[in-house]
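A.B. asks: predicted model follows, preceded by the sequence.
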Amino acid sequence: MNFKIFAELVELKAKTASIFPFIMGMLYSWYHFQQLSVKNMLLFFISMLFFNMAVDILDNYMDYHNATDVHDYKHETNIIGREKLSLPLIKGLILFFITIASLIGLYLAMTTSWIILWLGLFSFAVGIFYSAGPRPLSSLPIGEIASGVTMGIIIPLICVYLNVYNLTAFDGQLIGQVVLFALPSACAIANLMLANNTCDLEEDELNKRYTLVHYLGKPNALKLFQLLVLLSFFVTTLATYLDIMPWTVYFIWLVFPKIWKNTQRYLKKQIKLETFPLAVQNLAIFVLTQTFLFFIGLLITVF
């Protein structure tokens with residue numbers, strides 16, 4: 001297995017969905033509490049990345065395992081079948097990444113707060129059952145919510161508390177502020193999943209995967225896609241107004257025309273190789289700009 005195949009197997013290009021919420025969690029910790037734990041952040045980043053890769057490998061494995069024979073997905077589309085990858089190797093990689101991520105997570109919980117353990121267990125459960133089991137979350141109409149909440153909200157929540165567990169209680173005020181601050185990213189991440197499922201609707205139905213798009217229908221799924229784009233910008237503005245994020249984040253609206261243009265192009269046709277990259281681009285533009293503007297605001301506040 002070369003690096004190119006490995007990168008596709010672990011969906012390396014999609015790691016934006018977890019890395020930027022992680023960075024935003026660090027920025028939030030410094031902006032509100034002026035405290036960062038470099039050791040905790042490094043360990044959590046490794047744990048988060050390894051588990052994320054394990055979930056993506058598991059997702060590819062389960063798609064390969066559950067693919068029906070009514071089309072050529074198993075041997076022509078899926079990375080495992082297409083590249084004739086060793087199934088024992090795939091299982092070994094999943095076990096390795098989950099084991100390392102679990103040991104690091106347990107160490108962090110033991111040295112900080114057991115709240116981290118419960119948040120981690122929730123994330124692990126969602127990640128594993130997202131792909132595994134008789135009815136994986138990814139094949140149900142809650143897949144978008146599961147991915148958006150776990151990566152968009154739980155990651156920054158864990159990140160924040162790993163930095164400030166000795167300064168503040170894990171109470172409703174902290175949770176509420178972090179959720180509001182993280183909700184725009186969660187919407188953007190959920191939208192990526194929604195776009196993916198919209199493009200894959202026919203193929204998913206052949207594989208007996210009945211996602212949210214199956215129940216909504218494509219026209220309503222496209223309306224929801226637009227709504228989530230708008231919601232991510234308006235919630236960001238509200239969080240900035242409430243000083244949960246610095247005033248510089250108001251400038252997130254500068255990228256709205258580009259994201260809206262991409263959205264309109266995607267709405268015209270939903271083709272995986274042709275227009276799905278527009279949804280990926282939207283997520284990257286939004287989270288990168290939000291993170292950059294938060295960082296600039298933090299620098300202005302400090303200096």
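C.D. replies: Looks like it arrived, so ask away.
A.B. asks: what about the residue nearest to residue 175 when sequence neighbours are not counted, neighbour count?
C.D. replies: In this structure, residue 175 finds its nearest non-sequential neighbour in residue 157, 7.1 Å apart by Cβ to Cβ, 6 or more residues apart in numbering. Quick note: C-beta positions are derived from backbone N, CA and C, even for glycine. Applying other Cβ atoms under 10 Å, we find 24 residues neighbouring residue 157.
A.B. asks: next one: the helix or strand that contains residue 157 to chain centre, how far?
C.D. replies: Following DSSP states H and E, one finds residue 157 within helix 155-164. Centre-to-centre, helix 155-164 and its host chain are 16 Å apart (Cα atoms, centre = their mean, to the nearest Å).
A.B. asks: equivalent analysis for stretch 235-247, please.
C.D. replies: How far stretch 235-247 lies from its chain's middle: 21 Å, per Cα atoms, centre = their mean.
A.B. asks: buried residues in it, which are they?
C.D. replies: When burial is assessed from 16 or more other Cβ atoms under 10 Å, stretch 235-247 yields the following buried residues: 235, 236, 237, 239, 240, 244, 245, 246.
A.B. asks: who's in contact with that stretch?
C.D. replies: Around stretch 235-247, the neighbours that count as contacts under Cβ atoms under 8 Å, 6 or more residues apart in numbering are 28, 31, 177, 180-181, 183-184, 187, 249-250, 252-253, 290, 293-294, 296-298, 300-301.
A.B. asks: for the helix or strand bottoming out on mean pLDDT in the chain, the distance to its chain's centre please.
C.D. replies: Within the chain, no helix or strand scores below helix 79-82, which has a mean of 78 by mean pLDDT, DSSP states H and E. Averaging C-alpha positions (Cα atoms, centre = their mean) puts helix 79-82 24 Å from its chain's average.
A.B. asks: quick one: list the elements packing against it.
C.D. replies: helix 3-9, helix 38-66 (3 or more Cβ pairs under 8 Å, 6 or more residues apart in numbering; DSSP states H and E).
A.B. asks: coming back round to it: ok, the residue nearest to residue 175 - contacts?
C.D. replies: Applying Cβ under 8 Å, 6+ apart, we find residue 157 in contact with 25, 119, 175, 178, 179, 182.
A.B. asks: of these, closest to residue 144?
C.D. replies: Comparing the contacts of residue 157 against residue 144 with Cβ to Cβ picks out residue 182 as the nearest, at 15.6 Å.
A.B. asks: which is the next helix or strand following the helix holding residue 157?
C.D. replies: That would be, after helix 155-164 and using DSSP H and E, helix 172-199.
A.B. asks: rewinding a little: which one (most neighbours) among the contacts of residue 157?
C.D. replies: residue 182 (29 neighbours).
A.B. asks: what pLDDT does it get?
C.D. replies: If you check residue 182, the pLDDT there is 94.
A.B. asks: report the contact partners of the closest residue in space to residue 61 that isn't next to it in sequence.
C.D. replies: Distances taken as Cβ to Cβ, 6+ apart place residue 90 nearest to residue 61, at 5.3 Å, with adjacent residues excluded. Shown in contact with residue 90 (Cβ under 8 Å, 6+ apart): 9, 57, 60, 61, 80.
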